[in-house]
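**Q** I would like the atomic coordinates for the input below:
(chains A and B)
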2 protein chains.
Amino acid sequence: MEGREEQSPGSGAPDSLTDIYGEDGAIRASFLAHIGAAIADRDTLALKHDVAGLHQSELGDLLEALLPEQRRALVELMGSDFDFSSLTEVDEAIRLDIVDNLPNDQIAQAVQELDSDDAVYILEDLDEEDQEDILAQLPFTERIRLRRALDYPEETAGRRMQTEFVAVPPFWTVGQTIDYMREDHNLPDRFSQIFVIDPSFKLLGAVDLDQILRTKRSVKIEEIMHETRHAIPATMDQEEAAREFEQYDLLSAAVVDEDERLVGVLTIDDVVDVIQQEAEEDLLRMGGVGDEELSDTVVDTSRSRVPWLLINLMTAFLSASVISMFGATIEQMVALAALMPIVASLGGNAGTQTMTVTVRALATKDLDIYNAGRVIRREVMVGLLNGAVIATILGLVAGAWFQNPHLGLVIASAMIINMLAAALAGILIPLVLDRYGADPAISSSIFTTMITDVTGFMVFLGLAAWWLRLG
Amino acid sequence: MEGREEQSPGSGAPDSLTDIYGEDGAIRASFLAHIGAAIADRDTLALKHDVAGLHQSELGDLLEALLPEQRRALVELMGSDFDFSSLTEVDEAIRLDIVDNLPNDQIAQAVQELDSDDAVYILEDLDEEDQEDILAQLPFTERIRLRRALDYPEETAGRRMQTEFVAVPPFWTVGQTIDYMREDHNLPDRFSQIFVIDPSFKLLGAVDLDQILRTKRSVKIEEIMHETRHAIPATMDQEEAAREFEQYDLLSAAVVDEDERLVGVLTIDDVVDVIQQEAEEDLLRMGGVGDEELSDTVVDTSRSRVPWLLINLMTAFLSASVISMFGATIEQMVALAALMPIVASLGGNAGTQTMTVTVRALATKDLDIYNAGRVIRREVMVGLLNGAVIATILGLVAGAWFQNPHLGLVIASAMIINMLAAALAGILIPLVLDRYGADPAISSSIFTTMITDVTGFMVFLGLAAWWLRLG
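**A** Just a heads-up that it's a prediction; the model follows:
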């Protein structure tokens, strides 16, 4: 998913193109209407004029803004001038809709013009039959390269890598290397380092381009190459690979197979997408949503969200059964029914605060065995402190509202205990889930609120029952 | 915040260094103990041997794992061999603790060895007096450069930029440019493009290094440079700059002042940090936590979390007052008290699901005026569908539990209505907040759960009261 600005000075695209986006970051309505009219008129010339100069991501945004039938018509009208790399920038559902409407031989034609990582990105979503049919229509080397990447499991470095790279032997000089690059017209579109390999393609090292440019022609590559401490195994999970990039500020990294042979290169722009995706996944999981996209259908969306609601229904019944144990107490004093959700709700929110911080710290590896003890102590102290603040206000207001200072004391005590439970649940649940290999982002919030709900109702109603018996 | 692998082949650091991390991604206990012992013995030699080869981010992780007094001792013992760039990799509280313990002249000395963006990162947190004192001790050009970056507001491109860059005039040839880079020893540590400027430093264009390497020596720079459509104004918000990088897959971008003069370069590694930060901010805000770090004190943490809990307390009182309106109804049938939190809780969770998707889609600009209508319709449909599923189960179980099919019907109806309210609140609240310039991540969840709580209690108890009056 790389893009180079193709413009050379003077040839500049029309001015309107530089701001196809409005103030709000969305595509301008006027531009959209203009494109819509060209599509309606089947005015291929106007369309090519306006669309051909767009960056792949701009074209992607345009496709997402168009209606489905406009989208398909645009791809059809643009023909071989349609920039397929834009499909890597749109939602999966839109990509599939467009690709499924195209004959396989047109896809095969288009795929050859793409960088291998973009081609894989488009091919991997197709069903196996279409994939095979398209691969069969490609030239041999192209086919081998794409199949190799597709053979690696989903979400690995091997799937995301680009199989085009520049590699030279260690005994070449800087001069030879530069001459080679000036001659060879089969270079990748963009690259920021070259790799050094032995005759069996085993990776020896890498040289950044700026290093080549600041070195005299006579110097041997092996003298300026650095060992690639950060070569990425092709089977490494993309998330782990992204962490390597972040930690060591890499722009690109060699991807090697099990025999340490160079098979591809992973670049920072793909990694940025992975980082975005991972952060997004955590956010969505904590909100109780799976891997959803805005373009998903109603049924798909519903199916992905219902399981979480069903689990929530079970925990809600648990809370209900706790409350129903205290039926007699509530009958004796119906104000308890009005007040009990306050204790549960504030506990839930305090627990969620702690849990959010914990889940994030685990994801960024900021929380580990060295500081877990200290962080747990801190959370407990914060829970007690915030519990004291909230309990004081809650006790005063509730006591005044029902003109019953004892009731205020009961609810304040219950609140402090629940805040403590919230702090412990919010930190221990994600820690334990993480320890046993579960993803803390997915299930921490169910368990945390289950504990704060049950504790809240039980402690408040229990204390109230005990006090009513006393009175 | 850039780092180059300094190792050349053969000079390799000891093997143990390549895996200072254990399986769990945390620093190995054995390595930590080893460093701790060297610090305790004040064994500078052993310390330098083990620490000098670490990458800045590894040293940062080590600093975070050490106890505060060990940390300060390590910096002191390493003296001028301490890699200050590691301070850009640690929590703000730890950075301040270390820097505040050092004399200003030592900081001034260290800052001169850093890239300007790293220097600014360390200086910006200091109080003005120390900042001035340190700047005063720097050589003139260095001082001017840092002050210029520090003069730009926080969280802008100007603050994050590096003021070291390579710039050449347009009439130079590729050969001249390469020769210049071979001679000049004042080049930035790492760069991936060179800029083209006129005599007044006005930015004309840029050339990627791979482009220089594949072009003949005699070709003029102006023939291969591309116009920099993506020059970043120094005052642009860093978040907006990060979006430019993401959209156009940039590795680096020119930063220009109000007169379009080149003042610095923003690089992808800094942008990756910004992207991480922004995603993290959204996650934390939705969890009701501000800009907190694990190393914050109990009081700071408590202070940052209490406001959210206070707002939550107010909305909880709102729900309580709704319930108390139905005191007579609950007295008549105490089972209602046990069941009512189920309706509220499931509504809250369904609303949170919709809200999470909406907030994320707004943050990534995937949701805009073109698809808002469609997405609202989808959410309403999903709400009705999931409402039907949950209401059926809930109605059957509640009816059976209290052996009262009418009660089952009442709670099922209330559940469907609340799921509809949840869907509408979950999408409309973030959309409206965003529309009026508020950050939807911060307050959407308060308002959404307020609406689902109030609706849940009101509709369930209201329907129940009406049905009890009928019966």
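**Q** Could you list the contact residues of the stretch 351-471 of chain A toward chain B?
**A** When proximity is defined as Cβ under 8 Å from any Cβ of the partner chain, the stretch 351-471 of chain A approaches chain B at A:352-353, A:355-357, A:360-361, A:364-371, A:375, A:378, A:381-382, A:385-386, A:389-390, A:393-394, A:397, A:449, A:453, A:457. No exception for glycine: its C-beta is placed from N, CA and C like everyone else's.
**Q** Show me which of those are buried.
**A** A:352-353, A:355-357, A:360-361, A:366-368, A:370-371, A:375, A:378, A:381-382, A:385-386, A:389-390, A:393-394, A:397, A:449, A:453, A:457 (16 or more other Cβ atoms under 10 Å in any protein chain shown).
**Q** count of neighbours near the spatially closest residue to A:Ile212 that is not a sequence neighbour?
**A** Counting by Cβ to Cβ, 6 or more residues apart in numbering or on different chains, A:Ile212 lies nearest to A:Val174, which is 5.7 Å off, once chain neighbours are set aside. Counted with other Cβ atoms under 10 Å in any protein chain shown, the neighbours of A:Val174 add up to 22.
**Q** Can you check the pLDDT for A:Val174?
**A** pLDDT recorded at A:Val174 is 94.
**Q** What of A:Gly288?
**A** We have a pLDDT of 82 for A:Gly288.
**Q** do A:Arg182 as well
**A** A:Arg182 is given a pLDDT of 89.
**Q** Could you do the one 3 residues further on as well?
**A** The confidence metric pLDDT takes the value 71 at A:His185.
**Q** Assumed it was part of a helix.
**A** No. Counting by DSSP: H, G, I helix; E, B strand; the rest coil, A:His185 is not found in a helix; it is coil.
**Q** what about it, distance to chain B?
**A** Going from A:His185 to chain B by Cβ to the nearest Cβ, to the nearest Å gives 9 Å.
**Q** tell me which residues in stretch A:295-305 are buried?
**A** In stretch A:295-305, counting by 16+ other Cβ under 10 Å, buried: A:295-296, A:298, A:301-302, A:304-305.
**Q** Would you mind measuring the gap between the ends of stretch A:44-64?
**A** End-to-end span of stretch A:44-64 (Cα to Cα, to the nearest Å): 20 Å.
**Q** now do stretch A:80-100
**A** End-to-end distance for stretch A:80-100: 17 Å, by Cα to Cα.
**Q** Please identify the buried residues of that stretch?
**A** By neighbour count, with 16+ other Cβ under 10 Å as the criterion, the buried positions of stretch A:80-100 are A:82-91, A:93-99.
**Q** From the chain's centroid, how far away is it?
**A** Relative to its chain's centre, stretch A:80-100 lies at 20 Å (Cα atoms, centre = their mean, to the nearest Å).
**Q** cool, stretch A:450-459 as well?
**A** 33 Å.
**Q** distance of A:Ser321 from A:Ile330?
**A** 14 Å (Cβ to Cβ, to the nearest Å).
**Q** More neighbours: the two, which one.
**A** A:Ile330 (25 against 13).
**Q** What distance do you get for the more buried one to chain B?
**A** 5 Å.
**Q** Many thanks, I have nothing further to ask.
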